[in-house]
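1. no sequence on this one, just coordinates:
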DNA sequence: GTCTATACCACGATAGAC
DNA sequence: GTCTATCGTGGTATAGAC
């Protein structure tokens, strides 16, 4: 039997993603675990099963690699937001907020290390990388601002609190959970519900 | 006139703190601005007006310097908490929470770079440094847990939400403001009041 | 697409003069 | 208490074979 022309028996799709994707995955995981500056290209290469020099076939520099990861992390967040929006566009405000909180937290904890790596490394990323990614971040923030503004218009959210501040406070509450929440020990649904309840009604007795 | 015996005319107290303190101040500011790994001892020394080798007269290593900064940052937070506690111990729950939120934010933005540097560098600090500082962090967290528990007992806080989670959500909201709040552009009092209001009553309309 | 080999540099840290 | 000088290590990145 001759090998099928369309799929030659090469060790590509069999065990794991191909080189570039492997580098991306492992680098994101390492940046998340140890930080950008603390992670060496040699370490990334080793985790991806190759030598340091080979990484440069896929990425022009360590900064370019970081930028690709930050961009991917942002795409995951935007996708999560869009899905939540499609699912709850016609529901009440509390339901919509709950869905978006759940979606954001899922992007952090359930859709790979990219979004989490974005959140934790952005602050100390090299200025050139930060600047390159700012437009994507602004777009995501604008999606939330639009959602909250819509709910204020419908009087589902109190009009007194500035929604810009509310959004930043909510983002801080959600993103900082990377430092302590372990999805293996607690339910993400329960956590998302607690965040939503506290955001919605507060803690007053 | 002979120079007074108690204060010889040496260039010590005149312009700025002495060596060790200068290193501490500048290192904290640099760790906050750029991160621990991204900041070199040469850069710290230059900011403190000395050469790299001289830093080792004051600190055994870069890690020891970081540990001293993290510890100082924690002391500032604890002091802020104690002050707020003394000032509002007999007041109602909402007033006490407001004072503590204000105090924590003041520690981040108004009492030097130590607390802010602690918050931003702890996550990626070398494990040995993290381990050494964990007891102090636990003690501060216990102060908050005790406060919130007391308010639950008095039914000033809703007993349904687990206070451990509420504390982490509140810490995340406050600490993450380091990434965007500029005390030169906005009032810290106003910001603290917004955080307190959102924590207490939520955003529901 | 990955390898080996290496250039080049910045880093943390140390030793000893002053 | 600060300096100069330097050591050794590990970092990013490149060149060229395979």
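-> Sure, I can see it. Please read all numbers here as calculations on a predicted model, not as lab measurements. Numbering: from 1, shown residues only, chains lettered A, B, ... in the order given.

2. And residue A:74, what's its pLDDT?
-> What the model reports as pLDDT for residue A:74 is 98.

3. what's near enough to touch the residue positioned nearest the centre of chain A?
-> For chain A, residue A:115 is the residue whose C-alpha lies nearest the centre (C-alpha atoms, centre = their mean; 1.8 Å). Neighbouring residues of residue A:115 by C-beta atoms under 8 Å, 6 or more residues apart in numbering or on different chains: A:73, A:74, A:76, A:77, A:107, A:108. (C-beta placed from N, C-alpha, C; glycine too.)

4. Residue A:144 now?
-> Residue A:144 neighbours (C-beta under 8 Å, 6+ apart): A:81, A:100, A:167, A:171.

5. can you rerun that using 10 Å?
-> A:81, A:100, A:104, A:163, A:164, A:166, A:167, A:168, A:170, A:171 (C-beta atoms under 10 Å, 6 or more residues apart in numbering or on different chains).

6. that older thread, just give me the closest of the contacts of residue A:115 to residue A:145.
-> residue A:77 (14.5 Å; C-beta to C-beta).

7. Against residue A:194, how distant is the residue lying closest to residue A:148 once chain neighbours are set aside?
-> Nearest non-adjacent residue to residue A:148, counting by C-beta to C-beta, 6 or more residues apart in numbering or on different chains: residue A:163, 4.2 Å away. Separation of residue A:163 from residue A:194 (C-beta to C-beta, to the nearest Å) stands at 21 Å.

8. Can you give me the buried ones in the helix or strand where residue A:170 lies?
-> Element membership of residue A:170, judged by DSSP states H and E, is helix A:163-175. Neighbour counts over helix A:163-175 (16 or more other C-beta atoms under 10 Å in any protein chain shown) mark A:163, A:165, A:166, A:167, A:168, A:169, A:170, A:171, A:172, A:173, A:174, A:175 as buried.

9. Among the contacts of residue A:115, which pair sits farthest apart?
-> Most distant of the contacts of residue A:115, by C-beta to C-beta, are A:74 and A:108, 12.5 Å apart.

10. what does chain A put close to DNA strand C?
-> Proximity of chain A to DNA strand C, by C-beta under 7 Å from any atom of the strand, involves residues A:18, A:19, A:20, A:45, A:49, A:50, A:51, A:52, A:53, A:54, A:57, A:58.

11. Going through the residues you listed, which ones are buried?
-> The buried subset of those (16+ other C-beta under 10 Å) comprises A:19, A:45, A:50, A:58.

12. follow-up on the earlier one: show the pLDDT at the residue nearest to the centre of chain A.
-> Predicted confidence (pLDDT) for residue A:115: 99.

13. how about residue A:204, phi and psi?
-> phi -60, psi 140 (degrees, to the nearest 10).

14. Which pLDDT value belongs to residue A:11?
-> 46.

15. returning to that earlier point: who has more neighbours out of residue A:74 and residue A:108?
-> residue A:108 (26 against 21; other C-beta atoms under 10 Å in any protein chain shown).

16. Who are the contact partners of that one?
-> Residue A:108 touches A:73, A:76-77, A:80, A:114-116, A:118-120, A:174-175, A:177-178, A:181, A:183, A:188, counting by C-beta under 10 Å, 6+ apart.

17. Then residue A:100?
-> A:80-81, A:83-85, A:87-88, A:143-144, A:147-148, A:170, A:192, A:196.

18. Need the buried ones from these selected in ChimeraX.
-> Of these, the buried ones go into a single ChimeraX selection, burial set by 16+ other C-beta under 10 Å:
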select /A:80,81,84,85,88,143,144,147,148,170,192,196
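
19. The residue nearest to residue A:130 when sequence neighbours are not counted: what's it in contact with?
-> If the residues on either side of it in the chain are set aside, residue A:130 comes closest to residue A:122, at 6.6 Å by C-beta to C-beta, 6+ apart. Residues counted as contacts of residue A:122 (C-beta under 10 Å, 6+ apart) are A:36, A:66, A:70, A:73, A:74, A:129, A:130, A:133, A:134, A:137, A:175, B:179.

20. where in chain A is pLDDT low?
-> Along chain A, segments meeting pLDDT under 70 span A:1-15.

21. switch the cut-off to 90
-> For chain A, applying pLDDT under 90 flags the ranges A:1-17, A:160-161, A:205.

22. interface residues of it facing DNA strand D?
-> A:39, A:40, A:41, A:42, A:43, A:52, A:53, A:56, A:60, A:61, A:62, A:63.

23. could you flag which of those residues are buried?
-> Buried, going by 16+ other C-beta under 10 Å: A:39, A:41, A:62, out of those.
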